[in-house]
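> Structure for the following, please:
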Amino acid sequence: MYRYGIELSYRGDAFNGWQRQPNAYTVQQELEDKLRIFIPQAGQITGCGRTDTGVHARYYAAHIDLHYPIEDIRDLIFHWNAVLHKHVVVHNMYPVAVRWNARYYATSREYRYFISRKKNPFWNEFSWYFPHDLDVNSMQIAASYLEGRHDFSGFMKTKGGQKSGICTVEKMYLHVSDDFIVFQIIADRFLRAMVRLLVGTLIEVGKGHFSPSVVQEVLSTQKRPPQMILVPANGLFLWNVTYPDFPPVKEGDVKGKSPIKLFPEFMDEI
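Modelled structure (predicted):
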């Protein structure tokens, strides 16, 4: 058996999330079906996690097991990309240890949520247009309460399916400019719709509907007020996934950093 790690990106607006479903078009299905044109015996592609319908992935890692080695990886990637949906791209494939797992070996995941403060038709698919005034200082205070190890069950969509709500948030921060507010959150794991509910909660704080302490109350009771909103999916990106040993380090590489450049510099420099 030969295992290969895969680095890819996708726009979520064309798909019903990552995971294959019986009656929905997903990223996993698109990748697997198109790969079988070239490798008919190719099995399931295991991803680093699920993304919901409409959520984008700047960087996504996966792995697949094959019965024989790929003779020319560059050639396979070229032809695979040629038949893939225009909203999906495979950047790289690497031989990895058979024990390596894209889902379970990840040490952290980073999401970013983009709010555009000015109307811009070129950002409609990638941000939530929200031109209203917000108390950013109160939002930043509330965001600081989210850092650390907590039970985030109160910020999980109903019937999320996870057995535990415990997550460790390494960083929750707001980057503010004249044009955008960018919510950056890094954690070891995430619950279903957790990021969109966290951002919605901070928005309500910024609007003055709640004090920053509402975050502490939800974390302690696992119950959120019914007024909390679930922000639209189009502003959310899975931005990065970190592994201790992937991709394999080559001369000139910076370990743990992806060379993928897809967006304007200001987005990558956060």
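
> what does the host helix or strand of H175 rub up against?
For H175, the host element (DSSP states H and E) is strand 166-176. Applying C-beta atoms under 8 Å, 6 or more residues apart in numbering, the external contacts of strand 166-176 come out as 108, 136, 139-140, 143-144, 146-152, 181-191, 194, 198, 202, 270. Where you see a C-beta, it was placed from the backbone N, CA and C, and this is true even at glycine.

> which among those residues end up buried?
Among those, those classed as buried by 16 or more other C-beta atoms under 10 Å are 108, 139-140, 143, 146-147, 150-152, 181-187, 189-191, 194, 198, 202.

> among these, which are in strands?
108, 150-151, 181-187 (DSSP state E).

> need those in TSV with pLDDT and distance to N81, can you?
Below are those laid out as TSV (pLDDT from 0 to 100; distance: C-beta to C-beta, whole Å):
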residue	pLDDT	distance to N81
S108	95	28
H150	96	40
D151	96	42
I181	95	34
V182	96	29
F183	97	31
Q184	96	29
I185	97	30
I186	97	29
A187	97	31
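
> how distant is stretch 145-161 from the center of its chain?
Here stretch 145-161 is found 16 Å from its chain centre; the criterion is C-alpha atoms, centre = their mean, to the nearest Å.

> can you check stretch 154-172 too?
14 Å.

> now T201, nearest residue through space, not along the chain?
Among residues not flanking T201 along the chain, M228 sits closest, at 5.4 Å (C-beta to C-beta, 6 or more residues apart in numbering).

> Same question for G165.
What sits nearest to G165 in space, not counting adjacent residues and going by C-beta to C-beta, 6+ apart, is S153, at 3.3 Å.

> now what about stretch 19-29, what contacts it?
Residues contacting stretch 19-29 (C-beta under 8 Å, 6+ apart): 10, 12, 14-18, 32, 44-45, 47, 50-51, 57, 88.

> And the buried ones among those residues, selectable in ChimeraX?
Here is the ChimeraX command that selects the buried residues among those (16+ other C-beta under 10 Å):
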select :10,12,15,16,17,18,32,45,47,50,51,57,88
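
> Break this protein into its domains for me.
Domain assignment of the chain by automatic domain parsing yields the ranges 2-105, 108-238.

> ok, which stretches of this protein are strands?
According to DSSP E, the strands that the chain contains are 2-10, 45-47, 56-66, 88-96, 108-116, 128-129, 148-151, 166-176, 180-187, 236-242.

> Contacts only, for the residue nearest the centre of the chain.
Computing the C-alpha centroid of the chain and ranking residues by C-alpha atoms, centre = their mean puts L238 first, at 1.9 Å. Listed by C-beta under 8 Å, 6+ apart, the contact set of L238 reads 49, 51, 55-60, 109-111.

> how close does it get to V199?
14 Å (C-beta to C-beta, to the nearest Å).

> Can you tell me the closest non-neighbouring residue to L219?
Ranked by C-beta to C-beta, 6+ apart and with sequence neighbours excluded, the top spatial neighbour of L219 is H150, at 4.8 Å.

> T221 is in contact with that neighbour, correct?
No - the pair formed by H150 and T221 falls short of the contact definition of C-beta atoms under 8 Å, at 11.8 Å.

> ok, back up a step: right, and the domains of the chain - which one's nearest F246?
With C-beta to C-beta as the criterion, F246 lies closest to domain 2-105 of those, at 5.6 Å.
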